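Student: Give me coordinates for this.
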Amino acid sequence: MKKKKKGLSIFEKYLTLWVLLCIGIGILIGKMIPGFAIKLDSFSVHQVSIPIAICLFFMMYPIMVKINFAEVVKSAKTPKPVALTLFINWAIKPFTMYFIASFFLGHVFKGFLPGTEILKSGQEVELFRSYISGSILLGIAPCTAMVLMWNYLAKGSDGLTLVMVAINSLTMLVLYGPLGGFLLGVNAMPIPWQTILFSVMIYVAFPLVTGYFTRKLIIRYKGIQWFSEKFLHWLTPVSITALLATLILLFSFKGEIIIGNPLTILWIAIPLFLQTIFIFVLGYFVLARLLKLSYHDAAPSALIGASNHFEVAIATSTMLFGLSSGASLATVVGVLIEVPLMLMLVAICKKTCFLFKECTLNLPQCATNQVDRLKADG
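Tutor: Residues are numbered from 1 along each chain as shown. Next up, the predicted model:
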């Protein structure tokens with residue numbers, strides 16, 4: 001019974017509300033104390049803001065420490081869902097995100113997104129290109145955090161989800177930099193290669209290695225039960241708290257733009273919303289069924305494909321273009337719509353579980369329950 005309490009924490013359940021509150025706090029700080037965020041961001045080493053680096057490390061570390069990398073070896077037993085997730089995340093999603101974001105932000109809504117901005121590199125770019133760049137950084141960052149919760153709520157395979165989270169974390173070390181550099185270049189944005197690769201090392205590799213050794217040492221000396229029930233319980237709100245602290249800084253920069261262009265958030269949200277729905281439909285209703293996956297494999301495969309690793313996207317956009325950039329704003333819009341949208345997709349998974357023959361959900365629409373009822377009637 002206690003396991004059922006491992007649902008969304010108050011931080012995760014009301015993440016959209018917390019994000020909205022941080023937007024308000026950030027805007028208020030930006031209006032009342034305009035030099036606050038600028039002063040904090042001035043504490044930097046090699047263009048890496050120390051306060052932001054600390055916040056972003058604590059976003060990533062709690063996620064990485066939860067991963068049991070021993071589960072990766074079991075992926076050979078379920079090659080189809082793993083292959084499906086990797087195909088969607090790296091062969092489909094980055095490019096559809098680029099095309100959808102470019103179509104809407106670079107054409108349909110371009111007239112509503114006028115003006116230019118100066119990046120931290122000193123280069124001047126059109127604002128709509130910055131928004132597209134933020135969307136790209138979201139599209140190439142597969143989720144390795146909240147998807148554990150989405151899978152729990154959808155009652156998918158926990159073991160498979162852990163395998164795919166681990167593989168995505170490792171794959172991101174290799175592919176995130178090259179894909180990001182290529183698509184940002186197509187979008188005619190300046191590409192500081194050293195910075196983008198450095199950001200992946202800092203915000204993925206460092207927490208990954210730290211999390212791995214922390215997990216290993218704690219389990220060795222304190223045991224798996226203490227690790228799961230005590231350490232992880234204390235650590236759960238840390239990632240979201242660090243994210244919210246970063247958002248306050250970010251929106252203290254963006255307050256004036258948001259007040260002056262309140263519809264900007266909407267224009268950015270529309271392509272992000274459409275991209276998420278498209279990827280989910282492709283993964284869940286099309287490819288998972290073609291591969292004849294069970295519901296418990298299809299649900300996490302599609303949810304991982306649809307969701308984004310917004311922590312890494314925010315971190316990278318901050319390092320590449322600065323806290324005050326349009327790219328950083330676009331990644332924050334990704335946070336804003338992520339939770340309610342993914343909760344909707346979880347509900348869709350459970351409502352349509354009957355489409356998959358192998359499904360053991362205790363729900364009326366479950367295919368297994370329907371077969372049992374037919375046998376009983378017969």
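Student: List the buried residues in the host helix or strand of S130.
Tutor: When elements are defined using DSSP states H and E, S130 is found to belong to helix 127-139. Along helix 127-139, the positions that meet the burial threshold by neighbour count (16 or more other C-beta atoms under 10 Å) are 127-139. Any C-beta I mention is one placed from the backbone N, CA and C, and that applies to glycine too.
Student: helices and strands around it, which ones?
Tutor: In this structure, helix 127-139 packs against helix 93-103, strand 116-118, helix 158-186, helix 264-280, helix 310-321, helix 326-351, with contacts taken as 3 or more C-beta pairs under 8 Å, 6 or more residues apart in numbering; DSSP states H and E.
Student: What mean pLDDT does that helix get?
Tutor: Throughout helix 127-139, pLDDT has a mean value of 93.
Student: starting at the chain centroid, how far to it?
Tutor: Between the centre of helix 127-139 and the centre of its chain there are 15 Å (C-alpha atoms, centre = their mean, to the nearest Å).
Student: Could you list the residues in contact with the helix or strand that that helix is followed by?
Tutor: Counting by DSSP H and E, the next helix or strand C-terminal to helix 127-139 is helix 147-154. Where contact means C-beta atoms under 8 Å, 6 or more residues apart in numbering, the residues beyond helix 147-154 that reach it are 6-8, 12, 66, 157-158, 161-162, 165, 299-300, 303-304, 307, 342-343, 345-346, 349-350.
Student: switch the cut-off to 7 Å
Tutor: With contacts defined as C-beta atoms under 7 Å, 6 or more residues apart in numbering, helix 147-154 is touched by 6, 8, 12, 158, 161, 165, 299-300, 303-304, 307, 342, 346, 349-350.
Student: could you give the angle of that helix to helix 326-351?
Tutor: With axes from the mean of the first three to the mean of the last three C-alpha atoms, to 10 degrees as the criterion, the two stretches helix 147-154 and helix 326-351 enclose an angle of 20 degrees.
Student: With just CA atoms, put helix 147-154 into CSV.
Tutor: The C-alpha coordinates for helix 147-154 follow below in CSV (Å, rounded to 0.1, in the frame of the first residue of the first chain):
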residue,chain,number,x,y,z
VAL,A,147,9.1,10.1,-17.6
LEU,A,148,9.7,7.8,-14.6
MET,A,149,6.6,9.4,-13.1
TRP,A,150,4.6,9.4,-16.3
ASN,A,151,5.3,5.6,-16.7
TYR,A,152,4.3,5.0,-13.1
LEU,A,153,1.0,6.7,-13.6
ALA,A,154,0.4,4.9,-16.9
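Student: and that helix, which residues are buried?
Tutor: 147-154.
Student: okay, the angle between the helix holding S130 and helix 326-351?
Tutor: Using the same axes, to 10 degrees, the direction of helix 127-139 lies 40 degrees away from that of helix 326-351.
Student: picking up where we left off before, out of the buried residues of helix 127-139, who's nearest I202?
Tutor: Distance ranking of those against I202, using C-beta to C-beta, places L137 first at 14.9 Å.
Student: Where does the prediction get shaky in the stretch 101-250 of the chain?
Tutor: Using pLDDT under 70 as the threshold, the predicted model of the stretch 101-250 of the chain has low-confidence ranges 144-145, 188-200, 203-204, 236, 250.
Student: now the buried residues of helix 127-139 in TSV, with distance to M319?
Tutor: Putting these into TSV (distance: C-beta to C-beta, whole Å) gives the following:
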residue	distance to M319
L127	19
F128	21
R129	18
S130	14
Y131	18
I132	18
S133	13
G134	13
S135	17
I136	15
L137	10
L138	15
G139	18
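Student: Can you pull up the most central residue in the chain?
Tutor: The structure's the chain has its C-alpha centroid closest to H309; by C-alpha atoms, centre = their mean the separation is 2.2 Å.
Student: Return the helix holding S130 as PDB; C-alpha atoms alone will do.
Tutor: Listed in PDB are the C-alpha atoms of helix 127-139, where the atom choice follows Å, rounded to 0.1, in the frame of the first residue of the first chain:
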ATOM      1  CA  LEU A 127      14.000  37.000 -32.000                       C
ATOM      2  CA  PHE A 128      12.000  34.400 -34.000                       C
ATOM      3  CA  ARG A 129      15.300  32.600 -34.600                       C
ATOM      4  CA  SER A 130      16.000  32.500 -30.900                       C
ATOM      5  CA  TYR A 131      12.600  31.000 -30.200                       C
ATOM      6  CA  ILE A 132      13.200  28.400 -32.900                       C
ATOM      7  CA  SER A 133      16.600  27.600 -31.300                       C
ATOM      8  CA  GLY A 134      15.000  27.100 -27.900                       C
ATOM      9  CA  SER A 135      12.500  24.700 -29.500                       C
ATOM     10  CA  ILE A 136      15.400  22.800 -31.200                       C
ATOM     11  CA  LEU A 137      17.200  22.400 -27.900                       C
ATOM     12  CA  LEU A 138      14.000  20.900 -26.400                       C
ATOM     13  CA  GLY A 139      13.500  18.600 -29.400                       C
END
